[in-house]
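Participant: coords below, sequence missing:
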C-alpha cells in the first residue's frame, strides 16, 4: 500500500503562484497523478508524472522525484476559479494489477 | 464523444430498498472503479474490475456488490440500503496508459 501526505489547506492571492507538495511511499510505483475537485463535483485530471522532472501544461506544472518520493503541483497566475481541492494520487503495481490511491487532498482558497 | 456516464445523479430512498447505481463508459477502457466519498473527505476505492467477469473489492469495505458482464458497463448494487450508505459514489475508468477518468457521480441519500 501507500502513504500519501499533502497539506490539508492552503490560501493564496489571485494572480500569485502556489506550490502544493505531496510525499508518498509505495512498493511498486507506476505513476503519480494530480486531480482538481470542486466541492460537490467529480475529480478532473490535471497532470501525470511517471518519470522524474517537470511536466508543464498551461498554468499548471507538476514535478516528480521518484528517489525522494516527492511531487508538487505548481499553479501560476491564480484565478478565483482555482479554489478547489487538489488530490495527489499514486498508481502502483500489485502483481498484474494497478490501481490509484488518493491522498486526502489540499483545499486551496484563492482570495482577492 | 467518448465519455463516462452515471445515473441517477441524485437518489433519495428509504431504508431497506434495493438500489442499483449505473455506470457506463464509451472510451473502450478495460479497467473500471467505484469510489465512495463523503463531503469534504477523501476518496475511497470500494470496487474495481480489470475486465469482463473480473471484480475485486477495494481498500474500503463496502456492503455493495458489482458486476461486469460487458466491458462498458459496471453497475453497483445495494441489496438493502441504510442511512450509513448515504454518500457520493463515483465511477471511473482507465486503461494501461491513461489516468482514471471520473463520471459525474451519484449522490445517494438513504432516509
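Facilitator: That came through fine. Just so it is clear, the model here is predicted, and its values are computed rather than measured.
Participant: in chain A, which helix or strand is least confident?
Facilitator: Sorted by mean pLDDT, DSSP states H and E, the helices and strands of chain A end with strand A:97-102, the least confident at a mean of 80.
Participant: what lines up beside it in the sheet?
Facilitator: strand A:84-94 (antiparallel) (DSSP bridges).
Participant: for the partner strand, list every residue counted as buried.
Facilitator: For strand A:84-94, burial by neighbour count (16 or more other C-beta atoms under 10 Å in any protein chain shown) applies to A:84-92. Bear in mind the C-beta positions are built from the backbone N, C-alpha and C, glycine included.
Participant: and the residues you listed as TSV, adding pLDDT and distance to residue A:71?
Facilitator: Output for the buried residues of strand A:84-94, formatted as TSV (pLDDT from 0 to 100; distance: C-beta to C-beta, whole Å):
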residue	pLDDT	distance to residue A:71
A:84	97	18
A:85	97	16
A:86	98	11
A:87	97	12
A:88	96	6
A:89	94	10
A:90	93	9
A:91	89	12
A:92	81	14
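Participant: hmm, back to that, which parts of the least confident helix or strand of chain A are buried?
Facilitator: Using 16+ other C-beta under 10 Å as the test for burial, strand A:97-102 gives A:98-102.
Participant: which bits of chain A sit near chain B?
Facilitator: A:1, A:33, A:39-45, A:48, A:87, A:89, A:97, A:99-105 (C-beta under 8 Å from any C-beta of the partner chain).
Participant: one more time with 6 Å
Facilitator: Within reach of chain B by C-beta under 6 Å from any C-beta of the partner chain, chain A has these residues: A:33, A:42-43, A:45, A:48, A:99-100, A:102, A:104.
Participant: contacts only, for residue 80.
Facilitator: Using chain A here. Taking C-beta atoms under 6 Å, 6 or more residues apart in numbering or on different chains as the criterion, residue A:80 is in contact with residue A:110.
Participant: actually, chain B is the one I wanted.
Facilitator: Residue B:80 makes contact with residue B:16, according to C-beta under 6 Å, 6+ apart.
Participant: what strand or helix carries it?
Facilitator: Using DSSP states H and E, residue B:80 maps to neither a helix nor a strand.
Participant: thinking again about what came up before, contacting residues around the least confident helix or strand of chain A?
Facilitator: By C-beta under 6 Å, 6+ apart, the list of residues contacting strand A:97-102 reads A:2, A:30, A:87, A:89-91, B:42-43, B:48, B:100.
Participant: with stretch B:29-36 instead?
Facilitator: With C-beta under 6 Å, 6+ apart as the test, stretch B:29-36 has contacts from B:43-51, B:74, B:76, B:87, B:89-95.
Participant: mean confidence score for it?
Facilitator: What stretch B:29-36 shows for mean pLDDT is 94.
Participant: how about the residues of chain B by chain A?
Facilitator: Proximity of chain B to chain A is confined to B:42-43, B:48, B:90, B:99-100, B:102, B:104-105 under the rule C-beta under 6 Å from any C-beta.
Participant: mind putting the residues of chain A next to chain B into a markdown table with distance to residue B:62?
Facilitator: Shown next, in a markdown table, are the residues of chain A next to chain B (distance: C-beta to C-beta, whole Å):
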| residue | distance to residue B:62 |
| --- | --- |
| A:33 | 23 |
| A:42 | 19 |
| A:43 | 19 |
| A:45 | 24 |
| A:48 | 28 |
| A:99 | 15 |
| A:100 | 17 |
| A:102 | 16 |
| A:104 | 19 |
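Participant: cool, thanks, signing off.
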